[in-house]
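Asks: for reference, the sequence and a predicted model appear below.
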2 protein chains.
Amino acid sequence: MNIKGKHFRTIWLAADGWSVEVIDQTKLPHRFETANLKSVEDAARAIKTMQVRGAPLIGVTAAYGLCMALRADPSDISLESEIRFLAEQRPTAVNLRWALDEMRKAVQNLPYEGRVSAAYARAARMADDDVEVCRRIGEHGLAIIKDIAARKRPGERVNVLTHCNAGWIACVDWGTATAPIYMAHDAGIPVHVWVDETRPRNQGAALTAYELGSHGVPHTIIVDNAGGHLMQHGKVDLCIVGTDRVTSNGDVANKIGTYLKALAAKDNNVPFYVALPHTTIDWTMDDGMAIEIEERGQDEVLKMPGRLPDGSVVTVEIAAPGSPAGNPAFDVTPARLVTGLITERGVAPSTKAGLEKLYPERA
Amino acid sequence: MNIKGKHFRTIWLAADGWSVEVIDQTKLPHRFETANLKSVEDAARAIKTMQVRGAPLIGVTAAYGLCMALRADPSDISLESEIRFLAEQRPTAVNLRWALDEMRKAVQNLPYEGRVSAAYARAARMADDDVEVCRRIGEHGLAIIKDIAARKRPGERVNVLTHCNAGWIACVDWGTATAPIYMAHDAGIPVHVWVDETRPRNQGAALTAYELGSHGVPHTIIVDNAGGHLMQHGKVDLCIVGTDRVTSNGDVANKIGTYLKALAAKDNNVPFYVALPHTTIDWTMDDGMAIEIEERGQDEVLKMPGRLPDGSVVTVEIAAPGSPAGNPAFDVTPARLVTGLITERGVAPSTKAGLEKLYPERA
């Protein structure tokens, strides 16, 4: 999508034809900077330090990291050891392992001299595929937004609420939850987004607001507490969120607080959609409440980074000194609260039958 | 309640017998300091700058402010002009006007030479009455906590979730929502409190955590997003919150986000109680959705005060530069989601009949 009128992906091949440029997300929203990754070590560090984040983007970054490793040493020993090295940078990221497996498949049966070019080709296709999957999610979601817009008076805005960041900077382009929003905006539909701040890491206020603002999409940051009130007063037409894992029955694991918004949507007859690529569906689980929820460090709750008036970035302690904090990172929204799952193949009801109809090969 | 083992109220007569000491809440949670108010101007400034906050405490502070004004000039002209002056410091605070009306009644028919002593006596009684009302709320709420504790295994803790600060530092002592918690703790019941951070002003993380910690009550700060997840997993036994206004049918206006917690409580069969003195009931309204909700400034969302490592307190910008924020300050929890209203006269169902049974003089 656009930043100040210029189109960007989150990752692209540099002008030298082999190193990789990424948007350095550790600097956002305070500064826009790109980082040039020149080695597998650079790529690993970018993943570990969250210069790149979001499952699809982590996968593509690792793929290009492996390309650079094979440039230095295309041997089988190198291939396996670098895959291991990259995979351990974010141990819980399913997508990272999937991407590295795909890279192995692409090169392992080739002679050494053909591996580098094949690896770069596979990584480029992985990035393009991610863009295409998000674009299709966007088209299916756009149809939903168009339906709502058609019931409005001319010029009346469509209000979308989203939680956390399932945006283009978590992917390569478009994003998942944001793809329908960008498409609606680009199509001239007057869309406005309520951006949940998304404590504790503030991905909404920091990242979603940043990317929507950079592309020119009207939006308003709200604290996570505010969405229910807005829905009670008719100020939200639909919710669209992303997800970290959807079980085969349609339960949705996503950033902590998603469940509360889904409850409020249900209580106020506001449609609640979840956008996802098929790779997010966990066909091995049929009960979201069985998903183990990561408990993260308390400093994410007790401390906050921000800009001082002079532009420097500092971290401050915000809570009562000595009080401990709990920090569950995700929650599970039961399928009964979800209006539909927007995938690259279309919109499925949040049921086992609904998902199997879209993905008959898994039924 | 106690701070480091010493009992405090939020406001008390100084050793000189006429000026007033308050805990300076603008310094909390970063520093504990008291302020000495020596004039009506000092009292007004304390109210306006939120050195004192919370409806009951604002009322008592204004009452003492008027005492000091009458010390300087006990005339009728002074009485009326100082009441006007004090009332305008927080224009929306119903309790402030009520307190000043009470003060007027206490002195207006007295000769000038009797007004100062009568005023101090009335202000002292107002403070004592507030303590007594909160103590009774605490006793009625304690019975609920005892019931839950009785169904637990010995030593198993009772987990209470609260939102915002309806604590003793918003009152004179005990607090409303916190009174049952302090009583349970002091009675040896192993109570533990989940403290909602309460964005945007963080009254939970800053004030509720501070006062619970100071009194020694076990507690854990959580982001506002986390409560639903905790309830899904059986980690919350009951919710108790305060309120800014309860309509005659039992709808509850309280800090933004209260509604979301009430929805989650209902969805998980967790009892959801609201603690209030009868002065918070608005007998003139029978539909909470008609309550006008204050929209506050966006800087409360976009900026955050906190401590630097050197102990200095600064304010940082936390969101994407240029993105606007919305900031509705309260929401309304429909009566159907409220298990009971804990008042100084007992626990009422959240219905018109329930409230009228406790307050037959209003039926």
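Replies: Yep, that arrived.
Asks: interface residues of the stretch 151-300 of chain A facing chain B?
Replies: The stretch 151-300 of chain A comes close to chain B at residues A:194-195, A:197-200, A:202, A:205-207, A:209-210, A:212-213, A:219-230, A:232, A:255-257, A:259-261, A:263-264, A:267, A:289, A:293, as judged by Cβ under 8 Å from any Cβ of the partner chain. To be clear about C-beta, it is placed using only N, CA and C from the backbone, and glycine gets the same treatment.
Asks: which among the residues you listed count as buried?
Replies: A:194-195, A:197-200, A:202, A:205-207, A:209-210, A:212-213, A:219-230, A:232, A:255-257, A:259-261, A:263-264, A:267, A:293 (16 or more other Cβ atoms under 10 Å in any protein chain shown).
Asks: inside strands: which ones of the residues you listed?
Replies: Among these, the members found in strands (DSSP state E) are A:194-195, A:219-222, A:255.
Asks: for the nearest residue to residue A:268 once chain neighbours are set aside, list the residues it contacts.
Replies: Counting by Cβ to Cβ, 6 or more residues apart in numbering or on different chains, residue A:268 lies nearest to residue A:231, which is 4.2 Å off, once chain neighbours are set aside. When contacts are counted by Cβ atoms under 8 Å, 6 or more residues apart in numbering or on different chains, residue A:231 touches A:161, A:264-265, A:267-268, A:270.
Asks: ok, residue A:354 next?
Replies: A:250, A:341, A:348.
Asks: for the closest residue to residue A:261 other than its chain neighbours, give me its contacts.
Replies: Excluding its sequence neighbours, the residue lying closest to residue A:261 (Cβ to Cβ, 6+ apart) is residue A:227, at 5.2 Å. Residue A:227 sits next to A:161, A:163, A:194, A:196, A:236, A:239, A:260-261, A:264, B:260 when contact means Cβ under 8 Å, 6+ apart.
Asks: ok, residue A:20 next?
Replies: The contact partners of residue A:20, taken as Cβ under 8 Å, 6+ apart, are A:11-14, A:36-37, A:43, A:61, A:64, A:68.
Asks: looking at those residues, which are in strands?
Replies: Going by DSSP E, the strands hold A:11-13, A:36-37 from the contacts of residue A:20.
Asks: of those residues, which is the nearest to chain B?
Replies: residue A:11 (20.8 Å; Cβ to the nearest Cβ).
Asks: number of nearby residues for residue A:113?
Replies: 8 (other Cβ atoms under 10 Å in any protein chain shown).
Asks: kindly state the domain boundaries assigned to chain A.
Replies: A:2-128, A:143-362 (automatic domain parsing).
Asks: most tightly packed of the ones you listed?
Replies: domain A:143-362 (a mean of 21; mean count of other Cβ atoms under 10 Å in any protein chain shown).
Asks: find the closest residue to chain B in the stretch 101-250 of chain A.
Replies: residue A:225 (2.7 Å).
Asks: could you check how far that residue is from residue B:22?
Replies: Between residue A:225 and residue B:22 the computed distance is 28 Å (Cβ to Cβ, to the nearest Å).
Asks: check residue A:55 too.
Replies: From residue A:55 over to residue B:22 (counting by Cβ to Cβ), the distance is 52 Å.
Asks: sorry, back to before: take the contacts of residue A:354 and keep only those in strands.
Replies: Per DSSP E, the contacts of residue A:354 map to strands at A:341, A:348.
Asks: could I get the contacts of residue A:354 in TSV, plus columns for pLDDT?
Replies: TSV is the format used below for the contacts of residue A:354 (pLDDT from 0 to 100):
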residue	pLDDT
A:250	97
A:341	98
A:348	97
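Asks: closest to residue B:181 out of the contacts of residue A:354?
Replies: residue A:250 (38.5 Å; Cβ to Cβ).
Asks: tell me where the model's unsure across chain A.
Replies: For chain A, residues meeting the criterion pLDDT under 70 lie at A:92-93.
Asks: rerun that using 50 as the cut-off
Replies: Within chain A, no stretch has pLDDT under 50.
Asks: which helix runs longest in it?
Replies: Ranked by residue count, the top helix of chain A under DSSP state H comes out as helix A:112-150.
Asks: next one: that one to chain centre, how far?
Replies: 13 Å (Cα atoms, centre = their mean, to the nearest Å).
Asks: with stretch A:337-356 instead?
Replies: So, by Cα atoms, centre = their mean, the centroid of stretch A:337-356 is 18 Å from its chain's centroid.
Asks: next one: stretch A:83-91
Replies: Using Cα atoms, centre = their mean, the offset of stretch A:83-91 from its chain centre is 19 Å.
Asks: and that stretch, how far apart are its ends?
Replies: Start-to-end span of stretch A:83-91 (Cα to Cα, to the nearest Å) is 12 Å.
Asks: residues making contact with that stretch?
Replies: A:40, A:43-44, A:47-48, A:58, A:62, A:65-66, A:96-97, A:100, A:103-104.
Asks: go with 7 Å
Replies: Stretch A:83-91 has contacts (Cβ atoms under 7 Å, 6 or more residues apart in numbering or on different chains) with A:40, A:44, A:47-48, A:58, A:62, A:65-66, A:96-97, A:100, A:104.
Asks: now stretch A:287-302
Replies: A:200-201, A:245, A:247, A:249, A:251-253, A:285, A:317-319, A:324-325, A:327-332, A:334, B:221, B:223, B:229.
Asks: let's go with 8 Å and repeat that
Replies: A:92, A:199-201, A:245, A:247, A:249, A:251-253, A:285, A:317-319, A:323-335, B:197, B:205, B:221-223, B:229, B:232.
Asks: just how off-centre is that stretch within its chain?
Replies: Counting by Cα atoms, centre = their mean, stretch A:287-302 comes out at 18 Å from the chain centroid.
Asks: coming back round to it: closest to residue B:148 among the ones in strands among the contacts of residue A:20?
Replies: residue A:11 (52.8 Å).
Asks: pretty sure the closest one contacts residue A:128?
Replies: No - between residue A:11 and residue A:128 there is no contact under Cβ atoms under 8 Å: 11.5 Å.
Asks: what's the angle from the helix or strand that comes right after the longest helix of chain A to helix A:112-150?
Replies: Once helix A:112-150 ends, the next helix or strand along the chain (criterion: DSSP states H and E) is strand A:158-162. Interaxial angle, strand A:158-162 versus helix A:112-150 (axes from the mean of the first three to the mean of the last three Cα atoms, to 10 degrees): 130 degrees.
Asks: which secondary structure elements does strand A:158-162 contact?
Replies: Judged by 3 or more Cβ pairs under 8 Å, 6 or more residues apart in numbering or on different chains; DSSP states H and E, the packing partners of strand A:158-162 are helix A:112-150, helix A:179-186, strand A:191-196, helix A:227-232, strand A:238-241.
Asks: distance to residue A:274 added to these, as TSV?
Replies: Output for these, formatted as TSV (distance: least, Cβ to Cβ, whole Å):
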stretch	distance to residue A:274
helix A:112-150	10
helix A:179-186	12
strand A:191-196	15
helix A:227-232	16
strand A:238-241	6
